[in-house]
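S.K.: Here is my input, please return the structure:
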Amino acid sequence: MHARTIRTVVASASVIGALAVPATANAEDAGAISARGVSAADEPTVRELLEKCDNGTDSCVFHPAGEPEYFTADAKQVGDPVYNCTPDDQRHNVSWSDTTSQSNSVGLAMTTEAGFGKVFAVSYEQTFEHTWEESHTESQTTFVDTRSHQVGWVERAAQMQKVRGTYELHFEDKFHDHYIWYVNDFEVTGPAEDSSTAVSQHTRDMTQEEVDACP
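M.R.: Modelled structure (predicted):
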């Protein structure tokens, strides 16, 4: 087994910046590439690095940086609007289904079939002791009350989470002149484990055009 010098270069998923170089590496061996993958000709893009994760590496590990950040997504309309064309108040049943999916800071498909997606999911489970959901679908029937000549609709604001961290990739042979690469400041957004949602009902008066379209 041949001896080798460990070299590190930082691949930033959101900014150009340096990651601390391990003591076993030489500082002059460190470099950086940008989130857009704009780099010197002999350096890989972030996409190229992540596509090598568990697909040409000795090891590929995701290191979460702190606890997940939970937040409520912007509300959006779900289901179809309902129109009260009668002279009386009405209660409508609005059935709807809405799916929230994961995304990441570099815009790459991240299913568990992709090496770096599976690595992230495994690391998330081991660190936070619950399962990462690639997507979550919520389905309900919501009552909407309207007065005469009003439009009603339903909005949903999903519970989401953000996880930030660093990918560390080790290669048996040099990849673009380095054995070790980092993708720094990688951020993933996805459905929160608690699938609770904020569901609200809304109404407004019909426009004259909508009134004229009533049967």
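
S.K.: which intervals of the protein have sub-threshold pLDDT?
M.R.: 1-42, 195 (pLDDT under 70).

S.K.: Strands along that one, start to end?
M.R.: 8-12, 32-33, 59-64, 69-72, 76-83, 90-101, 103-104, 135-146, 150-175, 178-191, 197-205 (DSSP state E).

S.K.: Now do the contacts for Thr203.
M.R.: Counting by Cβ atoms under 8 Å, 6 or more residues apart in numbering, Thr203 makes contact with 144-147, 150-153. (C-beta placed from N, C-alpha, C; glycine too.)

S.K.: what about 6 Å?
M.R.: 146, 150, 152 (Cβ atoms under 6 Å, 6 or more residues apart in numbering).

S.K.: What lies in contact with the lengthiest helix in the chain?
M.R.: Criterion DSSP state H: the longest helix present in the chain is helix 115-128. Residues outside helix 115-128 that contact it (Cβ under 6 Å, 6+ apart) are 50, 53-55, 60, 62, 64, 110-112, 131-132.

S.K.: which of those residues lies closest to Arg91?
M.R.: Nearest to Arg91 out of these is Thr131 (Cβ to Cβ; 38.1 Å).

S.K.: Buried subset of the contacts of Thr203, written for ChimeraX?
M.R.: In ChimeraX syntax, the buried subset of these is picked out as below (16 or more other Cβ atoms under 10 Å):
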select :146,150,152
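
S.K.: out of the contacts of Thr203, who's nearest Pro81?
M.R.: Gly152 (6.7 Å).

S.K.: Surely the closest one and Val144 touch.
M.R.: Yes - using Cβ atoms under 6 Å, Gly152 makes contact with Val144 at a distance of 3.9 Å.

S.K.: what do those two both touch?
M.R.: Val82.

S.K.: circling back: got the contacts of Thr203 as CSV, with distance to Asn84 columns?
M.R.: CSV is the format used below for the contacts of Thr203 (distance: Cβ to Cβ, whole Å):
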residue, distance to Asn84
Thr146, 4
Gln150, 5
Gly152, 7
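
S.K.: Now flag whichever of the contacts of Thr203 is closest to Val78.
M.R.: Taking Cβ to Cβ as the measure, Val78 sits nearest to Gly152 out of the contacts of Thr203, at 12.7 Å.

S.K.: From Gln90, how far off is the closest one?
M.R.: 9 Å (Cβ to Cβ, to the nearest Å).

S.K.: Give the intersection of the neighbour lists for these two.
M.R.: By Cβ under 6 Å, 6+ apart, the residues touching both Gly152 and Gln90 are Thr146.

S.K.: Out of the strands of the chain, which is the most enclosed?
M.R.: With neighbours defined as mean count of other Cβ atoms under 10 Å, the strands of the chain peak in mean count at strand 8-12, which reaches a mean of 24.

S.K.: Can you report phi and psi for the nearest residue to His176 once chain neighbours are set aside?
M.R.: Leaving aside its sequence neighbours, His176 sits nearest to Pro44 (Cβ to Cβ, 6 or more residues apart in numbering; 5.0 Å). Backbone torsions for Pro44, taken as degrees, to the nearest 10, come to phi -80, psi 160.
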